[in-house]
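S.K.: Fold the following, please.
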Amino acid sequence: MSPTLAIIRRVKYDISEFPSCAPMDYESEPRIPSEKYTAHESDLPILRNVARLIHYNGPSWSRVYKALILMPDSDQLIPVAVKLYQEEFFPSEDEGAESPNELAWTESWAYSKMEDLQELTIVPKFYGAFEFSNENGGGILGIITELVRGVNLRDYCRGLGRERSWYDAIRQTASSIHKILLHGCAGLDIRAANVIVSHAEPAKITIIDFAFVRPLEGSPSVAKPSDTVRFGNMVEEIFQRQIGDSFGLIHKWLFIREMSNEYSGEEWVRSPMWVTLFDQNVKPVHIAKDEWEAAGVPGEYNDEEYKNYHRRAQKRNRM
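M.R.: Prediction:
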């Protein structure tokens, strides 16, 4: 049975500054209660053909649906994603950390900062924040964005096997993250599930989910490296076949080395924001020969480097 979902109000937040209700960082308290916004009941879009886009097996910060939307001034149906913030589904261990109002307000703020990136498909087109009703009643806050069609970054890269053609999608992802940071949005939820690769060729990527974004502190040249570090962790996790294996670590090192050598002219590679990622990209010489072979790059293994590493490790252990 198709879900019942209707728009009952358009919600407009003050997006001239970062939401006054949300903490500026994850260690501070909200500054004022999150009760201030305006709601409008006229000229509302209409949703049709609502269906679940993501099936959930447990708690989550949102429930996401796909639908067709009919705007008041148009007779064209547009495919969209509808993201609802329903507290009854929030992770219980974080209960009270964020409210639906804070999440919807934060995403509205973030998309307003990234308006020109919407035209470049780096982020989805944003249609606004709304109050919805379903079969259980109204008062559900959420947002509507363009429906991004494609496959998540992990599935895309793994589908290419050991071919290095996945480098382009990863490079696009880094470049897009850099552009988002330059637009003043940091604290991104950088996971492969939030990076969608288009079905069309050449593949293009779109980054989604900005409910937990925070303002970039200071100038981009002195920004904290948390987003770029999370990017590096994501690259490693994409290619990790099982917990504890070396496949992902090897390919993360190869990717960052190639970016440094072959794409040094690109803005994100040259930016001080990414210096931590490149400075910490040390060859994992501790990995045994058979694991380099399993990763498809036996020529990168150096027996002398491997033996020297373990000789030094044994010496340290004896001290």
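S.K.: secondary structure class for Ser2?
M.R.: coil (DSSP: H, G, I helix; E, B strand; the rest coil).
S.K.: For it, give me the pLDDT.
M.R.: The model reports Ser2 with a pLDDT of 74.
S.K.: I figured it hits Arg52, correct?
M.R.: No - here Ser2 does not reach Arg52: they are 9.0 Å apart, not a contact under C-beta atoms under 8 Å. For the C-beta atoms, the positions are set from N, CA and C on the backbone; glycine is no exception.
S.K.: what about the helices in the stretch 201-319 of the chain?
M.R.: 226-238, 247-262, 267-270, 275-279, 289-294, 303-318 (DSSP state H, counting those that start in this stretch).
S.K.: Just tell me which of these ends up closest to Val148.
M.R.: Nearest to Val148 among those is helix 226-238 (17.9 Å), distances taken as C-beta to C-beta.
S.K.: number of nearby residues for Glu305?
M.R.: Counted by other C-beta atoms under 10 Å, the residues lying close to Glu305 total 14.
S.K.: quick one: Leu141 and Ala129, what's the gap?
M.R.: 7 Å (C-beta to C-beta, to the nearest Å).
S.K.: Those two: which has the busier surroundings?
M.R.: Ala129 (26 against 23).
S.K.: What residues of the helix or strand where that one lies count as buried?
M.R.: Using DSSP states H and E, Ala129 falls within strand 126-134. By 16 or more other C-beta atoms under 10 Å, the buried positions in strand 126-134 come out as 126-132, 134.
S.K.: distance between stretch 100-112 and the chain's centre?
M.R.: Relative to the mean C-alpha coordinate of its chain, stretch 100-112 is positioned 15 Å out (C-alpha atoms, centre = their mean, to the nearest Å).
S.K.: now stretch 303-316
M.R.: Here the centre of stretch 303-316 is set off from its chain's centre by 38 Å, with C-alpha atoms, centre = their mean.
S.K.: With just CA atoms, put it into PDB.
M.R.: What follows is stretch 303-316, C-alpha atoms only, in PDB (Å, rounded to 0.1, in the frame of the first residue of the first chain):
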ATOM      1  CA  ASP A 303      60.600  -6.300   0.100                       C
ATOM      2  CA  GLU A 304      63.400  -4.200   1.600                       C
ATOM      3  CA  GLU A 305      60.800  -1.600   2.900                       C
ATOM      4  CA  TYR A 306      58.800  -4.400   4.400                       C
ATOM      5  CA  LYS A 307      61.800  -6.000   6.200                       C
ATOM      6  CA  ASN A 308      63.100  -2.600   7.400                       C
ATOM      7  CA  TYR A 309      59.800  -1.700   8.900                       C
ATOM      8  CA  HIS A 310      59.500  -5.000  10.800                       C
ATOM      9  CA  ARG A 311      63.100  -4.900  12.000                       C
ATOM     10  CA  ARG A 312      62.500  -1.400  13.400                       C
ATOM     11  CA  ALA A 313      59.200  -2.600  15.000                       C
ATOM     12  CA  GLN A 314      61.000  -5.600  16.700                       C
ATOM     13  CA  LYS A 315      63.700  -3.200  17.900                       C
ATOM     14  CA  ARG A 316      61.100  -0.900  19.500                       C
END
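S.K.: And the contacts of that stretch?
M.R.: 283, 285-289 (C-beta atoms under 8 Å, 6 or more residues apart in numbering).
S.K.: and if we set it to 6 Å?
M.R.: By C-beta atoms under 6 Å, 6 or more residues apart in numbering, the list of residues contacting stretch 303-316 from outside reads 285-286.
S.K.: can you pull the buried residues of it?
M.R.: Result for stretch 303-316 [16+ other C-beta under 10 Å]: buried residues 306, 309.
S.K.: I'd like the average pLDDT over that stretch.
M.R.: Here the average pLDDT along stretch 303-316 is 90.
S.K.: Can you report how many residues lie near Val235?
M.R.: Around Val235 there are 26 residues (other C-beta under 10 Å).
S.K.: Same check on Leu77?
M.R.: 14.
S.K.: who's it bridged to?
M.R.: Beta-bridge partners for Leu77, by DSSP bridges, are Leu70.
S.K.: That one and Pro298, how far apart?
M.R.: Distance from Leu77 to Pro298, by C-beta to C-beta: 53 Å.
S.K.: cool, and Thr228?
M.R.: 30 Å.
S.K.: Compare these two and say which is more crowded by neighbours.
M.R.: The neighbour count for Thr228 versus Pro298, taken as other C-beta under 10 Å, is higher for Thr228 (24 against 12).
S.K.: who are the neighbours in contact with the more buried one?
M.R.: So Thr228 contacts 274, 277 (C-beta under 6 Å, 6+ apart).
S.K.: Which neighbours do Leu141 and Ala129 have in common?
M.R.: Ala104.
S.K.: Which helix or which strand is home to the nearest residue to Ile205 once chain neighbours are set aside?
M.R.: Nearest non-adjacent residue to Ile205, counting by C-beta to C-beta, 6 or more residues apart in numbering: Gln172, 4.7 Å away. Using DSSP H and E, Gln172 sits within helix 166-182.
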